[in-house]
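Visitor: Provided below are the primary sequence and the corresponding predicted coordinates.
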Amino acid sequence: MARFHLHLLSDSTGETLEMIAKAALAQFDDTEVVRHFWPMVRSQQHLDRIMGEIAANPGLVFFTLVNDETRGKLEARCQVLGLPAIAVLDGVTDALEDLLGQEAKGRPGRQHRLDEAYFARVDAIQFTIAHDDGIGWENWEEADIVLAGVSRSSKTPTSIYLANRGYKVANIPIVVESPPPSLLYDLKRPLVVGLTTAPERLIQIRRNRLLSLSQSPDTDYVDQDKVETELKYARRMFADNSWPVIDVTRRSIEETAAAVINLYNERHAASGQSGSDPRPI
């Protein structure tokens, strides 16, 4: 099975870029893609941080950046690394320019209306990125959703996907040796959802992660007994707090996110709020 890293860089929410990448990848079988999603890339400092991650995980780079300076630096640095960088909308934009006799207006995210929903989505993305992997737990009460689960149970990619739908999401790793802050058990506003998976699948994902980082796959991190203990600990925590649980073993990120949204909507419906999806998207 072919395996590679795919980096997606956008100066907006990245929704269009994700859809294009997904449609293209659907044409290929027996591939394992490690996706790295980088929305709202609008500064040199942000690009510098991303380039460090790209250098550490070399692969294919797709981007939708309209700022000439930013995209020029991205292309130049990818060239130095020997990595292909593809501006996925250039062909379409060039064809439209030729047909209409106009030059495209290079405005980041111009396809999105700058209305309340747009700014809510941007705010959600910023919040979610700032509250990844247990960071900023003091502000969890401001979240719409909090995802909890052991390491590599798809918390971060699910959080980013939900953020693109306008949900403020925080996520927290469940670690046997390091219990989460007590505040987690007292949250009132956010919906707390536990993510779990089969131990065999989790071990496979973790082993692949270690290999991608050139680290030894022979650690407690992938030990069968240790992993089973972690999962049992997390499930017991979910049950003790009556949190809904989603098994992500056979779910894609989109399917997991859809299940979370359904739980969120059911909670709002039960509380008497109208509408099937209360987010302003």
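Guide: Structure received. Residues are numbered from 1 along each chain as shown.
Visitor: where exactly do the strands run in this structure?
Guide: 2-10, 31-38, 59-64, 85-87, 145-149, 169-173, 191-196, 245-247 (DSSP state E).
Visitor: just the helices in the chain please.
Guide: 15-25, 44-56, 68-81, 90-100, 116-130, 155-164, 199-212, 224-240, 253-270 (DSSP state H).
Visitor: who touches the first one?
Guide: Applying Cβ atoms under 8 Å, 6 or more residues apart in numbering, the external contacts of helix 15-25 come out as 6, 8-10, 31, 33, 35, 37, 62-64, 88-89, 111, 164. Yep, even glycine has a C-beta here, placed from its N, CA and C like the rest.
Visitor: which of these count as buried?
Guide: 6, 8, 9, 10, 35, 37, 62, 63, 64, 88, 89, 164 (16 or more other Cβ atoms under 10 Å).
Visitor: For the fifth one, give me its contacts.
Guide: Translated: residue 35. Under the contact definition (Cβ under 8 Å, 6+ apart), the residues listed for residue 35 are 6, 8, 21, 157.
Visitor: Likewise for residue 83?
Guide: 54, 58, 59, 60, 61 are the contacts of residue 83 under Cβ under 8 Å, 6+ apart.
Visitor: same question, residue 174
Guide: Residue 174 touches 148, 149, 150, 180, 230, 233, 234, 237, counting by Cβ under 8 Å, 6+ apart.
Visitor: cutoff 6 Å now
Guide: Applying Cβ atoms under 6 Å, 6 or more residues apart in numbering to residue 174 gives the contacts 148, 150, 234.
Visitor: now do residue 64
Guide: 10, 17, 89.
Visitor: on that earlier part again, looking at the contacts of residue 83, which has the most residues close by?
Guide: Highest neighbour count within these, by other Cβ atoms under 10 Å: residue 61, with 25 neighbours.
Visitor: circling back to that earlier point, can you tell me which of the helices of the chain the model trusts least?
Guide: In terms of mean pLDDT, the lowest-scoring of those is helix 90-100 (a mean of 80).
Visitor: just to revisit the earlier point, which members of the contacts of helix 15-25 are the farthest-apart pair?
Guide: Longest distance between any two of the contacts of helix 15-25 is 28.5 Å, between 31 and 111; criterion Cβ to Cβ.
Visitor: Report the spatially closest residue to residue 69, excluding sequence-adjacent ones.
Guide: Of all residues not flanking residue 69 in the chain, residue 44 sits nearest, at 8.0 Å (Cβ to Cβ, 6 or more residues apart in numbering).
Visitor: The one you found - how many residues pack around it?
Guide: Residues lying near residue 44 (other Cβ under 10 Å) number 10.
Visitor: how many neighbours does the residue lying closest to residue 231 once chain neighbours are set aside have?
Guide: Nearest residue to residue 231, sequence neighbours excluded (Cβ to Cβ, 6+ apart): residue 199, at 5.8 Å. By other Cβ under 10 Å, 19 other residues sit near residue 199.
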